[in-house]
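Colleague: let's see this in three dimensions:
(one chain, ligands or ions: 1)
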Amino acid sequence: MYAIKIEIKLNNKERTKLAQHAGYSRFVYNYALGLYNQIDHKEYKFNTSKKIDTIKKLFTNYTKKEKEYQWCNKLSSRVYQNAFRALKNAFSRFFKGLGSYPRFKRKKNSCSFTVDSSNGKVLLPAGKSIKIPTLGTFRLKEALKHSYISQTFTVSKIADKWFVSFAVEAEKIPPLSHEITKPIGIDLGGKTFATLSDGSTIESPMPYRKAKTKLANFQYHNRHQQLGNRKQGIKTSNNARKSLKKLAKKHAKVANVRADFLQKTTTKLCQKYGHLRIENLNIKGMMANHKLAAAVGDLGAYEFKRQLLYKAEFFATKVDVIDQWYPSSKGCSNCGAIKTDLTLSDRIFRCNECGLTIDRDLNASVRLEKAPNEVVVDRVGYARINACGQ
Ligand SMILES: [Zn+2]
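Modeller: Numbers count the residues shown, from 1 in each chain. Just a heads-up that it's a prediction; the model follows:
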C-alpha cells in the first residue's frame, strides 16, 4: 500500500463544506474521547474497542438525533464512522506503546477528516478531478496520471491549502523505471534555474523573464501614480485605479508562468531520475547563500524543493537533502579542496590544488552528487521503494 496526496482546487463554497466536515470529525472524536475518559474502567471491564463501540451507539441512537445536533445529519455520515475508527486506532497505538494517550483535537492543529466508500473500493480515473465518496467531485491542482482504486480518503488542510490523500495498492503505482538511476546533484540558482551533475541545465522559462521585465518597466512608468489615502482625504485617481488593475493582472500572469514551470520541471525530473540530491533550503541557509536568495526571490527554489520532495514519493525517486552548510560551491568536485577565494562573480571554478577548471554551477552540482552521507539531513522517496518490495 502507498498513499498519494494531491492538492484540491476549491471555490469558497467547497472550502466551507470541507471545513465543516473537519469540524464534524473533530467534534465526534472529542465527544467520544470525553465519554471514554469518564468511564469507570474498574467497573466496566470490556476492551477498548467494545467501549468505543458503545459510545458510538450512544452517539448514533441518541446524540445525533437531538435537536441541537441536527447539523450532523447534513454532513457525510462516513466522517463520524471514521472519527470513531481513528480514536480506536489512537488507543491501540497507545496500548502498544507506539503513541501517547489520545488527546483532544483542537481546531488550530487538526483540520482533517476521513471518509470512505461503504460499498467497497472505487475507481479513480486519471484526470484533473476526483470523486470523493459521499462528498462529490473536486478539481485537482495536478492531474492524476493513472487510474487508481481506493476506498478510504483523508482530506486535510495545511496552511491554507486542502489536500486529499488515499492509499493505493502497490501494483497500481506507475512503473518504477527511471532512465537514470545513479545519484545526480542539482544546484539551484546561478546562471540557469538549475544545473545537474550530469551536465544538463534547466533554464528559467522565457515568457517568465519577459513578463518579469515588462512588470518591472510597468511599475517604473507608473511610479508617480497617486494612490488614495483616506486619512488625508485623497481619492485614488482613475488612472491609478486602472494601472493597479493592470498591475494585478501582470502579477498574476507572472505567477502562473512560474507555477506551471515548477510543476512541469519537478515532474520531469522525478520521471527521468531515480536518485537526486539537492541542497537544503531554509531561511538561515539562504541568508548565507546570496545565490540561493536570488533564486528564491525569482523562481521559487523553495516551492521547487517542496514539489520535488512530494513528487519523489509518487515516482519512487530517492531524494537526499544535503545540509545547507556543506560547502557545495566552494569545494572542488575533483579533490575536495576548499577554495576560500571564490567570489560570487566567478563563473568558472579553478582549483588551486588539482587544477580542475569547471563551470561554477556544474562544480557545485557534482559536489552535491558526491556529498558524504554524514551531511544528508533528510531522505525522501525511500519508503515507496520498500512498499513495492524493491
Ligand atoms: Zn581540486
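Colleague: switch to C-alpha atoms for all contacts and neighbour counts from now on
Modeller: Noted.
Colleague: who's in contact with the residue located most distally from the centre of the chain?
Modeller: The outermost residue of the chain relative to its centre, with distances by CA atoms, centre = their mean, is E43 at 47.0 Å. If you count contacts by CA atoms under 8 Å, 6 or more residues apart in numbering, E43 has none.
Colleague: and it, which of the three is it?
Modeller: coil (DSSP: H, G, I helix; E, B strand; the rest coil).
Colleague: so how far is G34 from it?
Modeller: Taking CA to CA, to the nearest Å as the measure, E43 falls 18 Å from G34.
Colleague: packing partners for the longest helix that the chain contains?
Modeller: What stands out as the longest helix in the chain, according to DSSP state H, is helix 238-272. Applying 3 or more CA pairs under 8 Å, 6 or more residues apart in numbering; DSSP states H and E, we find helix 238-272 packed against helix 206-221, helix 301-315.
Colleague: now do the buried residues in that helix.
Modeller: Going by neighbour count (16 or more other CA atoms under 10 Å), the buried part of helix 238-272 is 240, 243-244, 247, 250, 253-255, 257-259, 261-263, 265-267, 269-271.
Colleague: again, but for stretch 13-23
Modeller: Quick answer for stretch 13-23 (16+ other CA under 10 Å): 18-23.
Colleague: run through who's touching that stretch.
Modeller: 75-76, 79, 107, 111-113, 155-156.
Colleague: farthest pair in those?
Modeller: Greatest spatial distance among the contacts of stretch 13-23 (CA to CA): S76 and K107, at 19.1 Å.
Colleague: those two: which has the busier surroundings?
Modeller: Between S76 and K107, counted using other CA atoms under 10 Å, the more crowded position is S76 (17 against 12).
Colleague: next, the distance between the ends of stretch 221-235.
Modeller: 20 Å.
Colleague: quick one: distance of it to the chain centre.
Modeller: 39 Å (CA atoms, centre = their mean, to the nearest Å).
Colleague: what lies in contact with it?
Modeller: The contact list for stretch 221-235 (CA under 8 Å, 6+ apart) reads 236-237, 239-240, 243.
Colleague: quick one: which of the residues you listed is nearest to the ion?
Modeller: Taking CA to the ion as the measure, S243 is the one of these closest to the ion, at 53.8 Å.
Colleague: the spatially closest residue to that closest one that is not a sequence neighbour - how many residues pack around it?
Modeller: Spatial nearest neighbour of S243, excluding adjacent residues (CA to CA, 6 or more residues apart in numbering): N222 at 7.4 Å. Neighbours of N222 under the rule other CA under 10 Å: 14.
Colleague: give me phi/psi at N222?
Modeller: Backbone torsions for N222, taken as degrees, to the nearest 10, come to phi -110, psi 20.
Colleague: kindly report the residues of the chain close to the ion.
Modeller: 332, 334-335, 351, 354 (CA under 5 Å from the ion).
Colleague: could you identify which of those residues has the most neighbours?
Modeller: C332 (27 neighbours).
Colleague: wait, isn't L342 in contact with K330?
Modeller: Yes. Counting by CA atoms under 8 Å, L342 touches K330, with 6.6 Å between them.
Colleague: who's more crowded, the two?
Modeller: Using other CA under 10 Å as the criterion, L342 and K330 rank with K330 on top: 21 against 17.
Colleague: neighbours of F27, how many?
Modeller: 19.
Colleague: now do the strand or helix carrying it, average pLDDT.
Modeller: Assigned by DSSP states H and E, F27 belongs to helix 12-38. Averaging pLDDT along helix 12-38 gives 95.
Colleague: and it, how far from the chain's centre?
Modeller: 24 Å.
Colleague: what comes up buried for the helix or strand that comes right after it?
Modeller: The helix or strand immediately downstream of helix 12-38 is helix 48-61, counting by DSSP H and E. Within helix 48-61, the residues that count as buried by 16+ other CA under 10 Å are 48-49, 51-52, 55-56, 59.
Colleague: list of residues touching helix 48-61?
Modeller: Contacts of helix 48-61 (CA under 8 Å, 6+ apart): 32, 35-36, 84, 88, 91.
Colleague: list only those of those residues flagged as buried.
Modeller: Burial by neighbour count, judged by 16+ other CA under 10 Å, picks out 32, 36, 84, 88, 91 from the contacts of helix 48-61.
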